[in-house]
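Participant: The sequence and its predicted three-dimensional model are supplied below.
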Amino acid sequence: MGFNQQPSSAVTESHYHTHKVFLFCNYILLGAASSCIFLTLSLRLLPSICGFFLILLHVFTIAGAVTGCAAAAAASGGASRWYAAHMVTTVLTAIFQGSVSVLIFTRTSDFLGNLHSYVREEDGTVILKLAGGLSILIFCLEWVVMILAFFLKYYAYVEGGDGTVMKRSAKVQQEEDLKDWPWPFQV
């Protein structure tokens, strides 16, 4: 799950770099989501129901990033379960992160009022906009992570689960098999 793994002979160079960018984006997601949790807690230590759901959203974002790292490090046997869990959590949290960021920037005072913050309104607005900026970053990174996860799954499919590389030609059968076919089909 670290950055120091060297590409093996069966893994292509582009797959290796895609894997590293995927892990790096997931690590950034972990940091941004945990920062949003601390920013929300700085508004009110014991959050309101709105703050609780905001923290829960960031916990789900962290869970999605962790499942992404687990899917990248898993062997081919259990990788599809981790991949499915990662894609579901990433799609859902991306939708909600985008909604929260729009809500934070369009209705800041109402959102701050629902959090029942005990800090001054000016300071609370700055803290909330910082959390909104991180939510936009998380939203964008989650879409990048989904695209990278798709490419990683594609590379795993092309390379095959047992280490054999799929043939990259359009030829379906050997030419000996085509000799039995009628003339119009022998191309």
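Facilitator: In hand now; what should we look at?
Participant: what's the burial count for residue 122?
Facilitator: For residue 122, the neighbour count with other C-beta atoms under 10 Å is 8. Where C-beta positions appear, they are placed from N, C-alpha and C, glycine not excepted.
Participant: what's the helix or strand for the closest residue in space to residue 29 that isn't next to it in sequence?
Facilitator: If the residues on either side of it in the chain are set aside, residue 29 comes closest to residue 65, at 4.2 Å by C-beta to C-beta, 6 or more residues apart in numbering. Residue 65 is part of helix 49-73, with elements assigned from DSSP states H and E.
Participant: I'd like to check which residues are in contact with the closest residue to residue 37 other than its chain neighbours.
Facilitator: With sequence-adjacent residues excluded and distances taken as C-beta to C-beta, 6+ apart, residue 37 is closest to residue 58, at 4.8 Å. Shown in contact with residue 58 (C-beta atoms under 8 Å, 6 or more residues apart in numbering): 33-34, 36-37, 40.
Participant: circling back to that earlier point, helices or strands next to the helix or strand that comes right after the helix holding residue 65 in the packing?
Facilitator: Secondary structure here is assigned by DSSP H and E; on that basis, the next helix or strand after helix 49-73 toward the C-terminus is helix 79-106. On a contact count with 3 or more C-beta pairs under 8 Å, 6 or more residues apart in numbering; DSSP states H and E, helix 79-106 meets helix 49-73, helix 121-159.
Participant: How confident was the prediction at the spatially most central residue of the chain?
Facilitator: Centroid check for the chain by C-alpha atoms, centre = their mean gives residue 145 as the closest residue, at 3.7 Å. pLDDT, the model's per-residue confidence, is 91 for residue 145.
Participant: Wait, it touches residue 22, no?
Facilitator: Yes - Residue 145 sits in contact with residue 22 when judged by C-beta atoms under 8 Å, with a separation of 6.6 Å.
Participant: Extract the residue ranges of this protein that are flagged as low pLDDT.
Facilitator: Per-residue confidence of the chain (counting by pLDDT under 70) places the weak regions at 1-11, 45, 74-79, 160-187.
Participant: Tell me which residues touch the residue nearest to residue 98 when sequence neighbours are not counted, please.
Facilitator: Among residues not flanking residue 98 along the chain, residue 139 sits closest, at 4.6 Å (C-beta to C-beta, 6+ apart). Residues in contact with residue 139, defined by C-beta under 8 Å, 6+ apart, are 94, 97-98, 101.
Participant: before we move on, the earlier item: if I look at residue 145 and residue 22, which residues touch both of them?
Facilitator: Common neighbours of residue 145 and residue 22, using C-beta under 8 Å, 6+ apart, are residue 68.
Participant: about what we covered before: which one of the helices and strands packed on helix 79-106 has the most crowded surroundings?
Facilitator: With neighbours defined by mean count of other C-beta atoms under 10 Å, none of the helices and strands packed on helix 79-106 is more surrounded on average than helix 49-73, at a mean of 20.
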